[in-house]
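Enquirer: Generate coordinates for the sequence data below:
(2 chains)
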2 protein chains.
Amino acid sequence: MQEFNVDVAILGAGTAGLGAYHQASKTTDSLMLIESGPYGTTCARVGCMPSKLLIAAADAAHEARHAKMFGVHAADVTVDGREVLDRVRRERDRFVSFVVNSVKHIPDNQRLKGQARFLGPNSLRVDGHSVVHAQRIVIATGSRSYIPEMLLPAADRLLVNETLFELPQLPRSVAVFGAGAIGLELGQALSRLGVDVKVFGRSGAVAGIADDEIRVLAGQLFNEEFYLDPDAAVSAVVHAGTGVEVTYVHRSRGELTERFDYILAATGRRPNIDDIDLEKSGLTLDKRGMPDHDSQTMQCGNSHIFLAGDASAEIPLLHEASDEGHIAGINAGRYPDVQPERRRAPLAIVFTSPQIATVGLGLDQIKARCPQGYGVGSVSFENQGRSRVLGKNKGELRVYGEYGTDLFLGAEMFGPAAEHVGHLLAWAVQSRMTVTRMLEMPFYHPVIEEGVRTALRDLNHNLDEGPEITDSCMECGPGA
Amino acid sequence: MQEFNVDVAILGAGTAGLGAYHQASKTTDSLMLIESGPYGTTCARVGCMPSKLLIAAADAAHEARHAKMFGVHAADVTVDGREVLDRVRRERDRFVSFVVNSVKHIPDNQRLKGQARFLGPNSLRVDGHSVVHAQRIVIATGSRSYIPEMLLPAADRLLVNETLFELPQLPRSVAVFGAGAIGLELGQALSRLGVDVKVFGRSGAVAGIADDEIRVLAGQLFNEEFYLDPDAAVSAVVHAGTGVEVTYVHRSRGELTERFDYILAATGRRPNIDDIDLEKSGLTLDKRGMPDHDSQTMQCGNSHIFLAGDASAEIPLLHEASDEGHIAGINAGRYPDVQPERRRAPLAIVFTSPQIATVGLGLDQIKARCPQGYGVGSVSFENQGRSRVLGKNKGELRVYGEYGTDLFLGAEMFGPAAEHVGHLLAWAVQSRMTVTRMLEMPFYHPVIEEGVRTALRDLNHNLDEGPEITDSCMECGPGA
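Expert: Alright, predicted model coming up:
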């Protein structure tokens, strides 16, 4: 058994752990980064990168099939599932290699492989081989897929994002459980690649969309491509030969038992805090076994322990995990001088088609925080000029502002280029721009952003801050 | 001969004229909008809209052919030129119909058709049928294609943007003269649609790109798709049967005479101020026949005459023409109380692939305005994660900031989604954001905007405002 005494120990070498290491290393060389699994982040190995690669192939197939609307005929579009998955893995491995190289640059005496468990508030055992005594500890152990009991009978026919991308070939049919961001991104991508897909959601949620109007529209549009029941009644999942049988109530055909090659569980993720003996850390834990922590400092209570990334169960997005890791690392480095760091304006993007962007405050938060009232503006992309030129004229944007101050508060979008519009609007939220000020900014022509302007003008009118649009063509140009 | 006495006469019912009408009508009902050609703006009829529609078809063909990189095989991509042009015209006509409807809502007694000519400072003759006496006059007569002498022998084989979209079928070959925004947009689109295209530019300019490094890269990348000589030596253009022969010095093969079906002249536009008898307006004209005007008020000298849109020869972009029209209309309406109105941060976009965006100040202006010095940051999109996922990893972004103040000044980009990145950066320029402040904004993952962050971090380091990027993966996430 080796013993180490360090200033800062970091559990997990993922996005948050590496961010914490990078920052803590600015104050001390006495560091230990402990990783129980393979190097490479959740994002690169099994998350953002492989899913976006699969989606890129799916969209290429979809667009080739729809090129005829432009007078371009791609006879016979075929998807070579092996090639699709080979590219996904090849490019994914390249991203992973960057992470692995990054870790390799960390000196050997600052790294340990093995499962860390608390022995006490300041000491950790790593597998059977090491004990690490640390003045401060950052927990950045990430998360793992959560599988509900009901899906367990699927056994070897059960996929999660960790195993989907390892398939040698695309399946013929997949029942996706979960209509959140991951379920819909992967479900739609598989469907566009020719897989027979059905998506079963729970409690009506669709990709985490908060605005009812947008959620209903998204549900409708997804259903034009594949079966999606956001509030599915599934009564049984049974392993059957080289597949799995799902018994559910079909929206129009009543109770059915249907065979699928695989089930894909996209039923949420759980923080990896249950196998590190956290109860020995001295922290007070809630009934889920989670310590309390501050989102501005990432500190657990007043302790020397910090929580960051997916393990914090805050926002499972890479840029947030990275920020949390950096904040935890800064504060672990300078502890006991712990200081709050600013977080960024909320931004979440779902890479479906159309894409989804959620920016700033949601309507529920706005109702609670705006005693003087609030306003909503909207635009449909069906007749928006640029969207129509591109043949991507589907979706809607809703924007929210505060009555009396004209402050822009947030937005939800299901529409073309939401990935980019989301940034523009999130920067406006963080800059505390008024809607009037946003309307003074440049809007080129013909662009999707002209649709944003239409929604903002509508919002400003509804906030009693601007005139109604009476002649869009004369005021904004044809096809704005 | 009818006679009319009005407060405000507006020459031209295009984008600028309609904007002026809309604003002036808020102060007076005594208006006359005079149009010599068909209703419908340059943008909708022969500019932005048909060209973007042609580009959408071209990109669909290009992407179908390149889908194999994703494992998606489109066996036989064929372009039906008739269908392509039919969609271009059908959708264009729809945009034009919005403009025409807009004009139809203007009362009959506020509209005249015919060519207006100045009789004196306050009076205009319209064709042979009317005389309009106006207290104030807005000149918004637009622009037309300029054809150099050398191209005139092409005669019926000479196309301009006004005639290209009327072809029943795509030509087999086209020599494009002019390597500006229009020449390259249309040249690349035709090339991607299977037309044999060569582009002949002048003085080395490429799509108006100001930054040498970006211009050189753009020239190289365009040449991978079609022949582009930004500084072509063309000695003769001769009509020959059902085509035209062009004699030029080929970059690698020396002097050649080559036959093309058509020549497309994209050799600039000239303001329509030479057939309105402007010399009778009382305005002082320069040697080009242009009156002096103020870009904040659109007023000519101290006169009652205002100039707006392409006729002003300022910036031939729809959103600028629209703003100029609105400003001219506001000031013509409230004359003699003429006040400056704010213009927006400069933004120009070229819809080639990759796209080009020019934002804020260019390097020449920056050198003149920053006595303390300036800095440049850059990023290549070759290894940028999201760009690579999408198979669009080409191009470069350069960003500029002021030394000593950290103020973000401008940018030039040749790369993926420049249409959207251009907006983000133009809003930052207009908001007078510092580079440090921009780096505090949200950047999602994986997105093109992470490449923007890399360039901004590089800039901040070069301005002595931030640390060097030492480990991009650890600091920003894999594939940022």
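
Enquirer: Which residue ranges of the stretch 51-200 of chain A form strands?
Expert: Here the stretch 51-200 of chain A has its strands, by DSSP state E, counting those that start in this stretch, at A:72-79, A:111-113, A:116-120, A:123-126, A:130-139, A:143-145, A:158-159, A:173-177, A:196-200.

Enquirer: Report the angle between the longest helix seen in chain A and strand B:72-79.
Expert: For chain A, the longest helix by residue count, based on DSSP state H, is helix A:81-104. With axes from the mean of the first three to the mean of the last three Cα atoms, to 10 degrees applied, the angle from helix A:81-104 to strand B:72-79 works out at 120 degrees.

Enquirer: So which elements touch helix A:81-104?
Expert: helix A:15-24, helix A:42-46, helix A:48-66, helix B:385-389, helix B:472-476 (3 or more Cβ pairs under 8 Å, 6 or more residues apart in numbering or on different chains; DSSP states H and E). Backbone N, C-alpha and C define where each C-beta goes, glycine included.

Enquirer: okay, these in JSON lines with mean pLDDT, mean neighbour count and distance to residue B:158 next?
Expert: Putting these into JSON lines (pLDDT from 0 to 100; neighbours: other Cβ atoms under 10 Å in any protein chain shown; distance: least, Cβ to Cβ, whole Å) gives the following:
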{"stretch": "helix A:15-24", "mean pLDDT": "96", "mean neighbour count": "30", "distance to residue B:158": "58"}
{"stretch": "helix A:42-46", "mean pLDDT": "92", "mean neighbour count": "25", "distance to residue B:158": "55"}
{"stretch": "helix A:48-66", "mean pLDDT": "97", "mean neighbour count": "24", "distance to residue B:158": "35"}
{"stretch": "helix B:385-389", "mean pLDDT": "97", "mean neighbour count": "26", "distance to residue B:158": "39"}
{"stretch": "helix B:472-476", "mean pLDDT": "77", "mean neighbour count": "22", "distance to residue B:158": "51"}
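
Enquirer: mind giving me JSON lines with these and columns for distance to residue A:200?
Expert: Putting the helices and strands packed on helix A:81-104 into JSON lines (distance: least, Cβ to Cβ, whole Å) gives the following:
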{"stretch": "helix A:15-24", "distance to residue A:200": "30"}
{"stretch": "helix A:42-46", "distance to residue A:200": "22"}
{"stretch": "helix A:48-66", "distance to residue A:200": "19"}
{"stretch": "helix B:385-389", "distance to residue A:200": "28"}
{"stretch": "helix B:472-476", "distance to residue A:200": "36"}
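
Enquirer: Count the neighbours of residue A:240 for me.
Expert: By other Cβ atoms under 10 Å in any protein chain shown, 15 other residues sit near residue A:240.

Enquirer: no, scratch that, I was asking about residue A:115
Expert: So residue A:115, with other Cβ under 10 Å, has 17 neighbours.

Enquirer: Quick check: it vs residue A:11, distance?
Expert: Using Cβ to Cβ, to the nearest Å, residue A:115 is found at 9 Å from residue A:11.

Enquirer: On the pLDDT front, check the residue of the stretch 101-250 of chain A found nearest chain B for me.
Expert: Per Cβ to the nearest Cβ, the residue of the stretch 101-250 of chain A with the smallest distance to chain B is residue A:102, at 4.2 Å. Residue A:102 is assigned a pLDDT of 92 by the prediction.

Enquirer: ok so, going back, find the residues that touch each one of residue A:115 and residue A:11.
Expert: Contact criterion Cβ atoms under 8 Å, 6 or more residues apart in numbering or on different chains; residues shared by residue A:115 and residue A:11: residue A:276.

Enquirer: Does the helix or strand of chain A with the lowest mean pLDDT reach chain B?
Expert: Sorting the helices and strands of chain A by mean pLDDT, DSSP states H and E puts helix A:472-476 at the bottom, at a mean of 77. Yes. Part of helix A:472-476 sits close enough to chain B to count as contact by Cβ under 8 Å from any Cβ of the partner chain, namely A:472-476.

Enquirer: Using CSV, please lay out those together with distance to residue A:410.
Expert: As requested, those are exported to CSV (distance: Cβ to Cβ, whole Å):
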residue, distance to residue A:410
A:472, 24
A:473, 29
A:474, 30
A:475, 25
A:476, 23
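
Enquirer: What distance do you get for the residue nearest the centre of chain A to residue B:91?
Expert: Centroid-nearest residue in chain A, with Cα atoms, centre = their mean: residue A:317, separated by 4.8 Å. Relative to residue B:91, residue A:317 is positioned 38 Å away (Cβ to Cβ).

Enquirer: Who are the contact partners of the closest residue to residue A:451 other than its chain neighbours?
Expert: Of all residues beyond its chain neighbours, the one nearest residue A:451 is residue A:384 (4.2 Å), with distances taken as Cβ to Cβ, 6 or more residues apart in numbering or on different chains. By Cβ under 8 Å, 6+ apart, the residues touching residue A:384 are A:393, A:448, A:450-451, A:454, A:479-480.

Enquirer: One more pass at 10 Å, please.
Expert: Shown in contact with residue A:384 (Cβ atoms under 10 Å, 6 or more residues apart in numbering or on different chains): A:390, A:392-395, A:397, A:415-416, A:446-448, A:450-452, A:454, A:479-480.

Enquirer: what's the answer for residue A:143, then?
Expert: Neighbouring residues of residue A:143 by Cβ under 10 Å, 6+ apart: A:14, A:42, A:47, A:268-273, A:309-313, A:316, A:321.

Enquirer: Go again with 6 Å.
Expert: A:269-272, A:310 (Cβ atoms under 6 Å, 6 or more residues apart in numbering or on different chains).

Enquirer: Not counting its neighbours along the chain, what's nearest it?
Expert: Here the residue nearest residue A:143, using Cβ to Cβ, 6+ apart, is residue A:310, at 3.6 Å.

Enquirer: what do you get for residue A:157?
Expert: Per Cβ to Cβ, 6+ apart, closest to residue A:157 is residue A:244, 4.4 Å.

Enquirer: Are we agreed that that neighbour is in a strand?
Expert: Yes. Counting by DSSP: H, G, I helix; E, B strand; the rest coil, residue A:244 is part of a strand.

Enquirer: so residue A:22 touches residue B:472, yeah?
Expert: No. Taking contacts as Cβ atoms under 6 Å, residue A:22 lies outside contact range of residue B:472: 11.0 Å.
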